[in-house]
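Participant: This is a predicted model, with the sequence first.
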Amino acid sequence: MSRINTNVQSLIAQRVLTLNNRSLSTSLERLSTGLRINRGADDPAGLIASENLRAEKAAIGAAISNAERAEQVVNIAEGGLQEISTLLTQLEGLVTSSANEAGLSAEERSANQQQVDSILQTIDRVAGATSFQGNRLLNGNLDYSTTNVSAEVQDFTVHGAKLSDNNPLDVEVLVTQSAQVGGFILSFGGGAALDLGSAGETFVIEIAGSIGSRELSFSSGTSVASIANAVNTFTDVTGVVASATAGRLDLSSKGFGSSEFVSIKVVDDGAIAAGDGIYGLSATDTAVDDGNAATAFSAANNAVRDSGQDISATINGIVAVGKGLRASINTDFLATEVLLTSGAAGSGGNAQTLGAVSAFRIEGGGADFQLAPNVDIAGKVGIGVQNVAVRSVGRETNDAGEVFYLADLGAGKDLNLEDGDLTTAQRVIRKAIKSVSQLRGRLGSFQQNTIGATIRSLGISLENTTAAESAIRDTDFASESAQLTRNQILVSASTSTLAIANSQPQSVLQLLG
C-alpha cells in the first residue's frame, strides 16, 4: 500500500533508532564511569546490595583505622613502662648494695637514698607524662573504677571488662573449695617442754618449706614455746611458721596453695618419752588435727610432708584458675583476678567459708577500643591500665599486717635505705617489678594477639567485601566494549533505515503523473 499521510515505516525506524541511541548512551555512560550501576533503574536489587556492601567497606576501613590507633596507644604506654622497668631494676640494685652495712659508710647509704628518691620522682613523672593526645595512659586514667569492695577481698585487679550500655558490673566469686596451708601438729604428750630419754639426748628435726630447710636441735627440757621461737627465726629461710600451745607445736606454711608445703624429718627422736607424734591438719580447721593416728617421731626419719591447697571458685559463672588465695578468669567480657582473705577462703584456723562473695562492682573506666565494624558490645575490646605511680605499685603486707608501697622507700619513710626495713623494701620492689612486667605482658599480648589479628582479619574482610561490591557494581569493560560496538552499528543502521523510510512516500508522486 502506498500512503503519504502516515509513514508507518518511518515511525518504526524512529522508535528503533531511539532505543538504539538509548542503549548506546548507556554503554558510553558505563564505560566512562566504570560503573555498571549508576542509578537505581540500572539494577534496583544490585544497587541495594552494592550500597550495603559500600557501607560495610566504610565500617571495616574505620575499624582498621581504630585498630591501628589502638596499636599506637599501646606502643606509647609500652615505652613508658619500659623506662619504669629499668628504674625499678636500678632500685633493686641500690637496696641490695645498701644492705651491705659493714661495707658502706653513712655517706654512701645517704647517697644511695638520694638516688632512690630521684628514681621514685622519675617514676611518678613518667607515669604522669606518658600520654596520647593529652590522655594520660599510666596514671590510672585508663583503669577501671570500682566500688562496694568486700571486706573478704584483700586485693584485686581488673584487666578487662565490657559493660553493657555502661551499666555497672557486679563481680561475684563463688568459693567451692578453700585455699589451705600445709602443716602438721607435733604433740609432745601435753607437756610444756621436751621430755627426752636422758639429759644428754637431743631432739633433732629438719624442717623444710617452699623456700628452704633447716636442721634444728633441742635438748631435754626445752620448752615448746622456745622450739616455736627457733622455728620462726628461720621463717624467711624455710617459709614455715610455728606457734606453741599446751604440749604441742603447730607448724604451717607461710603461704597458701599447692606450691606451699611443710616437711618434717626427725633425724634423732632423742628417745622422747611421752611424745605421741605428728598429726596432720584438719581439712576444715587448721587448729585441730585430721583425726587420724599420729605418726610416731621414730617413724618420721624419712620425712613426712603436707602440701597446701589452691582455692577453687567461679567468678560470674566462669570457672576460675586458683593459685593459693587468688582466683582469676580471663574472658572476652571480664578478665580479673581476686585475692581473698584467709577467712574468706577458709584457712588459718578458721572454718571454711564456702559460698558466694560479692567481691566488688565495676562502675566504668578502662580503655575501650572499637575493633569491629559493628558498634556493639561484642565489637569492643576493653583493657585496664593500672596506675604505676609509686604510691600504687609494689603492695606488700608484712607479718604485722602493715601494708607498704613503693613510695615507702622514700627518705624518712619506713623502708628507706638508711635505717629502714630493707628486707621488706626488696619485697616491695620485686612486687612492683612483677606488676609492671605483667602489665607490659598483657599490653604486649593485646597488641600482638588482639590488635594484630584484628588488623589482619579486617584486611581480608575488606578485600572480600570490595571484590563482592565490584562484581555487582563495576563495569565489565570487555563485555561493555562489545556492546558499544554493537550499539554503534545498530544506531548507524537505524539512521540509514529512517532515511529510506522517510524518502519512500516520494514514490507516490509518480502515480499522479
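Facilitator: That came in fine, so what should we check first?
Participant: what helix or strand does the closest residue in space to residue 149 that isn't next to it in sequence sit in?
Facilitator: Nearest residue to residue 149 in three dimensions, chain neighbours excluded: residue 360, at 4.5 Å (Cβ to Cβ, 6 or more residues apart in numbering). Bear in mind the C-beta positions are built from the backbone N, C-alpha and C, glycine included. Assigned by DSSP states H and E, residue 360 belongs to strand 355-365.
Participant: per-domain residue ranges of the protein.
Facilitator: Under the assignment automatic domain parsing, the domains of the chain span 8-34+475-512, 35-138+373-474, 144-177+312-365, 183-307.
Participant: mind putting those domains in a markdown table, mean neighbour count and mean pLDDT included?
Facilitator: A markdown table is the format used below for those (neighbours: other Cβ atoms under 10 Å; pLDDT from 0 to 100):
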| stretch | mean neighbour count | mean pLDDT |
| --- | --- | --- |
| domain 8-34+475-512 | 14 | 80 |
| domain 35-138+373-474 | 17 | 91 |
| domain 144-177+312-365 | 18 | 87 |
| domain 183-307 | 18 | 88 |
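Participant: re the thing from before, how about the contacts made by the residue nearest to residue 149?
Facilitator: The contact partners of residue 360, taken as Cβ atoms under 8 Å, 6 or more residues apart in numbering, are 146, 147, 148, 149, 150, 153, 156, 170, 171.
Participant: Which of the three states applies to the residue nearest to residue 398 when sequence neighbours are not counted?
Facilitator: Here the nearest residue to residue 398 in space, its sequence neighbours aside, is residue 424; by Cβ to Cβ, 6+ apart that works out to 5.5 Å. For residue 424, the secondary-structure state derived from DSSP: H, G, I helix; E, B strand; the rest coil is helix.
Participant: show me what contacts residue 424?
Facilitator: Contact analysis of residue 424 by Cβ under 8 Å, 6+ apart lists 396, 398, 404, 414, 415.
Participant: part of a strand, is the fourth one?
Facilitator: What it means is residue 414. No: the assignment for residue 414, made by three-state DSSP, is coil rather than a strand.
Participant: What segments of the stretch 351-500 of the chain are helices?
Facilitator: Under the criterion DSSP state H, counting those that start in this stretch, helices of the stretch 351-500 of the chain are mapped to 422-445, 452-473, 477-503.
Participant: likewise the chain?
Facilitator: Assigned by DSSP state H, the helices in the chain fall at 8-33, 44-98, 106-129, 224-233, 235-238, 342-345, 422-445, 452-473, 477-503.
Participant: Identify the residue nearest the geometric centre of this protein.
Facilitator: residue 159 (4.4 Å; Cα atoms, centre = their mean).
Participant: Could you find the closest non-adjacent residue to residue 423?
Facilitator: Nearest non-adjacent residue to residue 423 (Cβ to Cβ, 6+ apart): residue 236, at 7.2 Å.
Participant: for residue 36, same thing?
Facilitator: Excluding the flanking residues, the one nearest residue 36 by Cβ to Cβ, 6+ apart is residue 475, at 4.8 Å.
Participant: I'd like to check which residues are in contact with that neighbour.
Facilitator: 30, 31, 33, 34, 35, 36.
Participant: didn't residue 340 look like it was pressed against residue 324?
Facilitator: No: counting by Cβ atoms under 8 Å, residue 340 stays clear of residue 324, with 9.5 Å between them.
Participant: picking that back up, out of the helices of the stretch 351-500 of the chain, which is closest to residue 380?
Facilitator: For residue 380, the closest of these is helix 452-473, at 11.7 Å, according to Cβ to Cβ.
Participant: and that closest one, how far from the chain's centre?
Facilitator: Centroid separation for helix 452-473 versus its chain: 29 Å, with Cα atoms, centre = their mean, to the nearest Å.
Participant: Name the surrounding residues that touch that helix.
Facilitator: Applying Cβ under 8 Å, 6+ apart, the set of residues contacting helix 452-473 is 35-37, 43, 46-47, 49-50, 53-54, 56-57, 60-61, 63-64, 67-68, 71, 371-373.
Participant: now the angle from that helix to helix 44-98?
Facilitator: Relative orientation of helix 452-473 versus helix 44-98 (axes from the mean of the first three to the mean of the last three Cα atoms, to 10 degrees): 170 degrees.
Participant: okay, helix 452-473 in PDB with CA atoms only?
Facilitator: Output of helix 452-473 as PDB, limited to C-alpha atoms (Å, rounded to 0.1, in the frame of the first residue of the first chain):
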ATOM      1  CA  GLY A 452      47.500  -7.700  65.200                       C
ATOM      2  CA  ALA A 453      45.000 -10.500  64.500                       C
ATOM      3  CA  THR A 454      42.100  -7.900  64.100                       C
ATOM      4  CA  ILE A 455      44.000  -5.900  61.500                       C
ATOM      5  CA  ARG A 456      44.800  -9.000  59.500                       C
ATOM      6  CA  SER A 457      41.300 -10.300  59.700                       C
ATOM      7  CA  LEU A 458      39.700  -7.000  58.900                       C
ATOM      8  CA  GLY A 459      42.100  -6.600  55.900                       C
ATOM      9  CA  ILE A 460      40.900  -9.800  54.400                       C
ATOM     10  CA  SER A 461      37.300  -8.800  55.100                       C
ATOM     11  CA  LEU A 462      37.900  -5.500  53.300                       C
ATOM     12  CA  GLU A 463      39.400  -7.300  50.300                       C
ATOM     13  CA  ASN A 464      36.500  -9.700  50.000                       C
ATOM     14  CA  THR A 465      33.800  -7.100  50.600                       C
ATOM     15  CA  THR A 466      35.400  -4.800  47.900                       C
ATOM     16  CA  ALA A 467      35.500  -7.700  45.500                       C
ATOM     17  CA  ALA A 468      31.900  -8.500  46.100                       C
ATOM     18  CA  GLU A 469      30.800  -4.900  45.600                       C
ATOM     19  CA  SER A 470      32.900  -4.600  42.500                       C
ATOM     20  CA  ALA A 471      31.400  -7.800  41.000                       C
ATOM     21  CA  ILE A 472      27.900  -6.200  41.400                       C
ATOM     22  CA  ARG A 473      28.500  -2.600  40.500                       C
END
